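Undergrad: Turn this into a structure:
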Amino acid sequence: MVVSLFMGWRHVCFANWPIDPGLVEPHLPERLTLDTYDGQAWLSVVPFTNVDVRPRVFPFGTGVALPELNLRTYVTYDGKPGVYFFSLDADGIVGVVGARLFHHLPYYYAAIDLTKENGRIRFTSRRRHPGARPVVFDATYEPTSGRISAKSGTLAHFLTERYRYYTEAPDGSIRYANIQHEPWPLYDATVEIEENTLFEANGFTTPESDPVHLYSPGVKTIASKNKRKPAPFDE
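TA: Prediction:
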C-alpha cells in the first residue's frame with residue numbers, strides 16, 4: 001500500500017530558462033497542457049537534497065537522505081497547475097526503485113555530492129543508472145539578497161508555488177500527487193554551472209536565453225499517495 005510521504009527539501013536551487021513553447025509541447029503527454037508565463041514556456045533545473053524521507057506514519061528522524069536533481073516544466077490538467085518532470089536523478093537505489101514502481105516517476109540512480117561552505121553550495125551529480133543516457137551536472141550556488149516576495153502573478157510564484165506533480169504511466173493514464181508545504185522562502189541567487197548535460201539527455205538543445213535563478217533554504221513537505229486519472233480509453 002502506497003502512503004503519503006514526509007520530506008524535508010533543503011538547499012534548493014531553481015535555475016530557470018525561458019523557451020519557445022513549441023519546443024516543449026512535443027515532449028509532453030497529450031493530455032497535459034503546457035503552462036506559460038508572458039507567452040514563454042520554462043525549463044527548470046532543480047538541484048537540492050531531501051532529508052528524512054519517510055512514510056508520514058513513521059516517526060521524525062527515521063527517514064533517509066536523498067540528494068536529487070531534476071529537469072521540469074510547468075503544466076495544467078483540467079485547469080489545475082502543476083509540475084511535469086522530464087527526469088529526476090537521485091542518490092539512493094531504494095528511493096529510485098520505489099519512485100519508479102509506486103509513483104511512475106522517471107527517476108534515475110546517480111552519484112551525487114552536496115557540500116556547503118560559507119553559505120555557498122557545491123552540487124555535483126553523475127548518473128549511474130544502467131542503460132540510461134549519461135547526465136553530468138556540476139554547479140555552485142548561493143543566495144545573494146534579502147528574502148524576495150513571490151506574490152501571485154509574479155514569475156517567482158509561477159515557478160515555485162506548485163502543489164501538484166503529473167506524470168504518465170505506461171498504461172497511458174495520468175498519475176499525480178498533491179504536495180503540501182508552507183510558501184517557499186525565496187532569495188535571488190548567484191549560480192555558476194560548470195557542466196550540465198540534462199537538456200541534451202532529455203532531447204532538448206541547451207537554451208540560449210538568460211536564466212532566472214532563485215534559491216531557497218527549504219521547506220518541510222508532505223506528498224500524497226500517487227493517484228490515477230484514467231487513460232482516454234478507460235473513461
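Undergrad: When you work out contacts or count neighbours from here on, use the C-alpha atoms and nothing else.
TA: Noted.
Undergrad: which strands and helices sit next to the helix or strand bottoming out on mean pLDDT in the chain?
TA: The helix or strand of the chain with the lowest confidence, counting by mean pLDDT, DSSP states H and E, is helix 93-103 at a mean of 79. Applying 3 or more Cα pairs under 8 Å, 6 or more residues apart in numbering; DSSP states H and E, we find helix 93-103 packed against strand 107-117.
Undergrad: Dump the strand it packs on to PDB, keeping only the CA atoms.
TA: Taking Å, rounded to 0.1, in the frame of the first residue of the first chain, the C-alpha atoms of strand 107-117 are listed here in PDB:
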ATOM      1  CA  TYR A 107      13.900   8.500 -11.600                       C
ATOM      2  CA  TYR A 108      17.500   7.500 -12.300                       C
ATOM      3  CA  TYR A 109      20.200   6.400  -9.900                       C
ATOM      4  CA  ALA A 110      23.100   8.900  -9.700                       C
ATOM      5  CA  ALA A 111      26.200   9.600  -7.600                       C
ATOM      6  CA  ILE A 112      25.500  13.000  -6.000                       C
ATOM      7  CA  ASP A 113      27.700  15.100  -3.700                       C
ATOM      8  CA  LEU A 114      26.400  18.300  -1.900                       C
ATOM      9  CA  THR A 115      28.700  20.300   0.300                       C
ATOM     10  CA  LYS A 116      28.200  23.700   1.900                       C
ATOM     11  CA  GLU A 117      30.900  26.200   2.800                       C
END
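Undergrad: immediately after it, which helix or strand?
TA: Remark: after strand 107-117, the chain's next helix or strand is strand 120-127, criterion DSSP states H and E.
Undergrad: and that next one, which strands flank it?
TA: Applying DSSP bridges, strand 120-127 is found paired with strand 107-117 (antiparallel), strand 136-143 (antiparallel).
Undergrad: got a list of contacts for the last one?
TA: Contacting residues not belonging to strand 136-143 are listed as 13, 119-127, 187-198, 214-216 [Cα atoms under 8 Å, 6 or more residues apart in numbering].
Undergrad: And it, what's buried?
TA: By 16 or more other Cα atoms under 10 Å, the buried positions in strand 136-143 come out as 136-143.
Undergrad: Just the CA atoms of it, as PDB, please.
TA: C-alpha atoms of strand 136-143 as PDB (Å, rounded to 0.1, in the frame of the first residue of the first chain):
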ATOM      1  CA  VAL A 136      26.700  15.200 -15.700                       C
ATOM      2  CA  PHE A 137      25.900  18.300 -13.600                       C
ATOM      3  CA  ASP A 138      28.300  20.400 -11.700                       C
ATOM      4  CA  ALA A 139      27.300  23.700 -10.200                       C
ATOM      5  CA  THR A 140      27.800  26.100  -7.200                       C
ATOM      6  CA  TYR A 141      25.100  28.400  -5.900                       C
ATOM      7  CA  GLU A 142      24.300  30.800  -3.100                       C
ATOM      8  CA  PRO A 143      21.600  33.400  -2.100                       C
END
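Undergrad: how about the helices in the chain?
TA: Taking DSSP state H to define them, one finds helices in the chain at 21-24, 93-103, 155-160, 198-201.
Undergrad: Show me the contact partners of the longest one.
TA: Taking contacts as Cα under 8 Å, 6+ apart, the residues outside helix 93-103 that touch it are 2, 66, 90, 105-109, 175, 226.
Undergrad: Max pairwise distance over the buried residues of strand 136-143: which two?
TA: Using Cα to Cα, the two most remote members of the buried residues of strand 136-143 are Val136 and Pro143, lying 23.2 Å apart.
Undergrad: so how many other residues sit close to Asp52?
TA: Asp52 has 19 neighbouring residues, counting by other Cα atoms under 10 Å.
Undergrad: where in the protein is pLDDT low?
TA: Counting by pLDDT under 70, the ranges of the chain that qualify are 1-3, 56, 58-59, 61-64, 231-235.
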